[in-house]
Structure formats: C-alpha cells, structure tokens
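Asks: Would you be able to build a 3D model of this:
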Amino acid sequence: MTKVILVRHGETEWNVEEIYRGRIDVELSEVGIKQARLLGSYLDNLKLDAIYSSPLKRAVDTANILAQYQNVAVQVTDGLMDLNCGEWQGLSDGQVKKSYPVLHEQWRVNPHLVEMPGGERLEDVRERALAVVDEVVSEHSGSIALVSHRVVNKVLICALLGLDNSHFWNVKQDVCGVTTFDYVRGRFILTKHNDTSYLGGMRKSLDDF
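Replies: Predicted structure coming up:
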C-alpha cells in the first residue's frame, strides 16, 4: 500500500490579499513558516519515504521544513507546479473581476471550461499532476508527501475520486491543509481531507486563494 499525502503550502501574503499567484514565486509569510513547522511536527511520527514538491518557493520551503523532521530529501518536480494564471498573475480578485468580468464569472461557475488568458486550463494541471501520482505509486510502497498548491491539489482530489474538473469548487483545501489517500489494489481511497487540526488557533480558511 502507498499512502499519498497531498499538502498545500503554507500561507503567503498574497493568499491573504486575494492575489492570483500562479507561477510568480511568492514566499511564505511568517505565518506560513510557522504553519509548516507545526505540520512538520504533526507528521513527525509518520515516517515519510519521499517528499515531492512543486518548484515554486512557497512549496519548496514548506517541503524543506517538513524534511527537517524526516530522513529524506525533497525531490522537485514540474508536474506539481501551480496553475499558470497568465494575465491574471499578480492581480487581485477584484481587479480580475473588473477587467475580465465574463471570464471571471465563468471561472466561478464553470472552471473546467476556462483557459486562463495566456495561461493554462485545469485539464493541463490534471494531466501533469496525475503523471506525478502515477510515478509515485509505481515507485513507492510507503508514505509519500506531495507539496503543491490549492489548484493542483483540488484537481488531483477530484481526479483520484473519479470526478471531473467541473467539481473543482466542490473541494476545499486551506493553506497547509493535508489530504490523504491510500492506494490499495489499484484504487485510491480517501482517508483524510483538509486536515488543519494541528494548526490550532492559527487555523484559517482561505479556500478561494
């Protein structure tokens, strides 16, 4: 059996300010660093056989903090890279809504039909992220952490549950939230979702950003 642990990176200032990040390399905030340390401590009793991370700094730094509590090195893979938001990157949600009113509404209602201007579709994310999962379950039989981003994890959760991308907004994952699947006899079984219990009073709900 392989245990696949999907981890969303810790908080950044752009999460709080509701700014589309995409491929822009935003760093963890002080809160995000503390969240990652709490997560590392929380997972300390669970021996991780591998940690994979998106190449973006907010994910890599979260993964490296987790690795401090484990005897493994972080492996960086482009397959876990955040959604390329194209022209929306660096804009606040309010700015996007004003400049792209029709597409913004479509993103909120039918995200699976949207291609970010100058960027990607959810299907693009799904294809490359699932390739990482396929590689992981073929190479490992223990517990594996995949540290990435809100969009990547939400798309992966839908895919592993057999849902298409139209269900994107039916899935919630907070900053530093943990979702776990057991891979048993060719089937992914959801065993834990959006666990932020270890954050205590630091727990925040920033699902949209």
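Asks: quick one, strands of the protein?
Replies: 2-8, 48-53, 74-76, 143-148, 178-184, 187-195 (DSSP state E).
Asks: Please save the CA atoms from the last one in CSV.
Replies: In this case it means strand 187-195. These are the backbone C-alpha positions of strand 187-195, laid out as CSV (Å, rounded to 0.1, in the frame of the first residue of the first chain):
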residue,chain,number,x,y,z
ARG,A,187,-7.8,2.1,-6.1
PHE,A,188,-7.4,5.5,-4.4
ILE,A,189,-9.2,5.6,-1.0
LEU,A,190,-9.7,9.0,0.7
THR,A,191,-8.9,8.6,4.3
LYS,A,192,-8.5,12.2,5.5
HIS,A,193,-9.3,15.6,3.9
ASN,A,194,-8.2,19.2,4.6
ASP,A,195,-6.8,18.4,8.0
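Asks: before we move on, the earlier item: tell me which of the strands of the chain is the most buried.
Replies: strand 143-148 (a mean of 26; mean count of other C-beta atoms under 10 Å). (C-beta placed from N, C-alpha, C; glycine too.)
Asks: List the neighbouring strands of that strand plus their orientation.
Replies: strand 2-8 (parallel), strand 48-53 (parallel) (DSSP bridges).
Asks: Dump those to JSON lines, plus distance to Tyr42.
Replies: What follows is the strands paired with strand 143-148, written out as JSON lines (distance: least, C-beta to C-beta, whole Å):
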{"stretch": "strand 2-8", "distance to Tyr42": "11"}
{"stretch": "strand 48-53", "distance to Tyr42": "12"}
